[in-house]
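> Requesting a structural model of the entry that follows:
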Amino acid sequence: MRNSVVLFIILIIFIGGLVGCEQRIRPSIVEGMDAEELPDQESWDSTIIVSNEGVVSAIIHAGYIAVFSEKKITLLENGVHIDFYNEEGEITSVLVSDRGEVDDETQDLSGYGNVVIEGDDGTVLETEEIHWENKTEQIHTDKFVKITSPDEIIEGYGMESDAGLNNYTIYRVTGQTRVE
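All right, here's what the predicted structure looks like:
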């Protein structure tokens, strides 16, 4: 009889443990946090492929990506690396920045913080902010820029260019030096 009581107690403890395991885990709710402020999707060390009418125009790598479906934007953080491609599938330029943002409707993108773009001919653009329009495949900014090409170093405010930095215009030139 004593063994039956001990066995019964062990069985009750075991069943109680199983019932306790069925408890649902619920995420904590942060007070004052609006659900619209939270991303619909998050990923780490990921890649996004941007295309224009089926042709790959850019491949984006980022340390952290957050997709906001309602706002139709994708935030890129923790280091951004973008390879831009021409219609033949060749890399025309590479952009590196601290963070960025993609407009999910137009596939336009912006880079922010320590932006460096290097063209396939070695031309380098440095700025703090750049915007790329997917439809026209043009980049532009109204911020300070420094462009170092094999022929010159030119600085100024505001510019636009093709993604390969082959044809660029600086609007307010503040300095220009010929490279020999």
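> CA atoms for contacts and neighbours, from now on please.
Fine.
> so how many other residues sit close to the residue nearest to S149 when sequence neighbours are not counted?
Leaving aside its sequence neighbours, S149 sits nearest to T123 (C-alpha to C-alpha, 6 or more residues apart in numbering; 4.2 Å). Using other C-alpha atoms under 10 Å, the number of residues around T123 comes to 19.
> for Y85, same thing?
Neighbours of Y85 (other C-alpha under 10 Å): 22.
> Hmm, V55 and it touching each other?
No - shown here, Y85 and V55 do not form a contact pair, counting by C-alpha atoms under 8 Å, at 9.0 Å.
> Distance from stretch 139-150 to the middle of the chain?
Between the centre of stretch 139-150 and the centre of its chain there are 21 Å (C-alpha atoms, centre = their mean, to the nearest Å).
> coming back round to it: what residues are up against the residue nearest to S149?
By C-alpha atoms under 8 Å, 6 or more residues apart in numbering, T123 lies in contact with I147, T148, S149, P150, L165.
> Mind listing the residues bridging to the residue most central in space within the chain?
Geometric centre of the chain, nearest residue: L76, 2.4 Å, by C-alpha atoms, centre = their mean. L76 forms beta bridges with I65, G100, as assigned by DSSP bridges.
> From what I see, it and I60 are in contact.
No - using C-alpha under 8 Å, L76 makes no contact with I60, being 9.0 Å away.
> Which parts of this protein are helices?
Shown for the chain, the helices assigned by DSSP state H span residues 2-21.
> low-confidence ranges in it?
The chain contains residues with pLDDT under 70 at 1-36.
> What is the neighbour count of D45?
Look at D45: counted by other C-alpha under 10 Å, it has 13 neighbours.
> And the residue nearest to S149, how far from S93?
9 Å (C-alpha to C-alpha, to the nearest Å).
> Can you pull the phi/psi pair for the closest residue to Q107 other than its chain neighbours?
Using C-alpha to C-alpha, 6+ apart and skipping the chain neighbours, the partner closest in space to Q107 is N134 (5.8 Å). Phi and psi for N134, reported as degrees, to the nearest 10, are phi -60, psi -40.
> hang on, N134 packs against D108?
Yes - applying C-alpha under 8 Å, one finds N134 in contact with D108, separated by 5.0 Å.
> Strands of this structure, residue ranges please.
With DSSP state E as the criterion, the chain has strands at 41-52, 55-68, 73-85, 91-97, 99-103, 109-119, 124-133, 138-148, 152-162, 168-178.
> Restrict the last one to CA atoms and write it as CSV.
Extracted as CSV, the C-alpha positions of strand 168-178 are listed here (Å, rounded to 0.1, in the frame of the first residue of the first chain):
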residue,chain,number,x,y,z
TYR,A,168,28.5,63.5,-63.0
THR,A,169,27.6,67.2,-62.3
ILE,A,170,28.4,69.1,-59.1
TYR,A,171,26.2,72.1,-58.7
ARG,A,172,28.2,74.3,-56.4
VAL,A,173,31.9,73.6,-56.7
THR,A,174,34.0,74.7,-53.8
GLY,A,175,37.3,73.2,-54.8
GLN,A,176,39.0,71.5,-57.7
THR,A,177,42.5,70.0,-58.1
ARG,A,178,44.0,68.3,-61.1
